[in-house]
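A.B. asks: just the structure for this:
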Amino acid sequence: MAINAEREELIVDVEEHTGPQPDGIEERALETNTTAHPQELNDLFEEIGKWESLIAVNNDLIDVAFFKIFVKFERLLLNCVVMYAIGERSSLGYQPNRRLLFSDHDHLRKTITDKKYIDVSKRVEDIVKQIFEENNPFTLFFESTDKDTLIKMQTLRNYIAHESPESKIAYMKKVLPPNSEFMNAADFLSARKNRTATISNYSYFIEVMVAQAKCFMGDSN
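C.D. replies: Numbering: from 1, shown residues only. Purely as a prediction, here's the structure:
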């Protein structure tokens, strides 16, 4: 019963946080009045802590946990881009050097896209190269090995949310190990990252999100 309730809540999250998907590509809204203030980073950490307790009792919820946490991570990434692009600093006083400066959220949105939604992976990757100088935390993220991890996490998120034939094919191709037997999302997240690893895929994804979220806010520790 608890699992069903969580699934229903998951559907609500998909409807609130994702846009139309004519070609099966998940997109994220560019909000016009939101920036990444200290509470948003805390929200990510609190979400992780909350689900750690829940999946310790019922590991069947691990895929829902990943989805919930990843939604907050993507929102933080996008809102940090917006925050810095319009000249604001993080709660730690950090601000990457900019090539372009926008007056407000609406100016930024109208300049970079004529759509309500932007793809967090590709379009934001292009946008940050135009807005910020080199060595900004976003470009460093997109050009690191964690970019492959981001693609896996996005593909997994899509499969968990929709379980469509298209998302299943992408999940099998981009997320599951080559030549491996099919595993559902919960089993994959619970499995070890690789044969020699001591942590699960879920724990590894959480580590990447936490480390990158801190970098976005200017915390190098």
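A.B. asks: give me the neighbour count for F216.
C.D. replies: Number of residues near F216 (other Cβ atoms under 10 Å) recorded here: 25. For glycine as for every other residue, the C-beta is placed from the backbone atoms N, C-alpha and C.
A.B. asks: okay, it: pLDDT?
C.D. replies: On pLDDT, F216 comes in at 93.
A.B. asks: that one and S90: what is the separation?
C.D. replies: Shown here: F216 relative to S90, a distance of 8 Å by Cβ to Cβ, to the nearest Å.
A.B. asks: all the strands of this protein, residue numbers only.
C.D. replies: Under the criterion DSSP state E, the chain contains strands at 28-29, 117-118.
A.B. asks: least reliable of the ones you listed by average pLDDT, please.
C.D. replies: Within those, confidence is poorest for strand 28-29, with a mean of 42 (mean pLDDT).
A.B. asks: centroid residue for this structure?
C.D. replies: With distances taken as Cα atoms, centre = their mean, the residue of the chain nearest its centroid is E74 (3.1 Å).
A.B. asks: how much space separates that residue from N184?
C.D. replies: For E74, the distance to N184 equals 22 Å [Cβ to Cβ].
A.B. asks: likewise I199?
C.D. replies: 20 Å.
A.B. asks: isn't F205 up against M153?
C.D. replies: Yes - using Cβ atoms under 8 Å, F205 is in contact with M153, at 5.7 Å.
A.B. asks: okay, and the common contacts of these two?
C.D. replies: Taking Cβ atoms under 8 Å, 6 or more residues apart in numbering as the contact rule, F205 and M153 both touch 66, 70.
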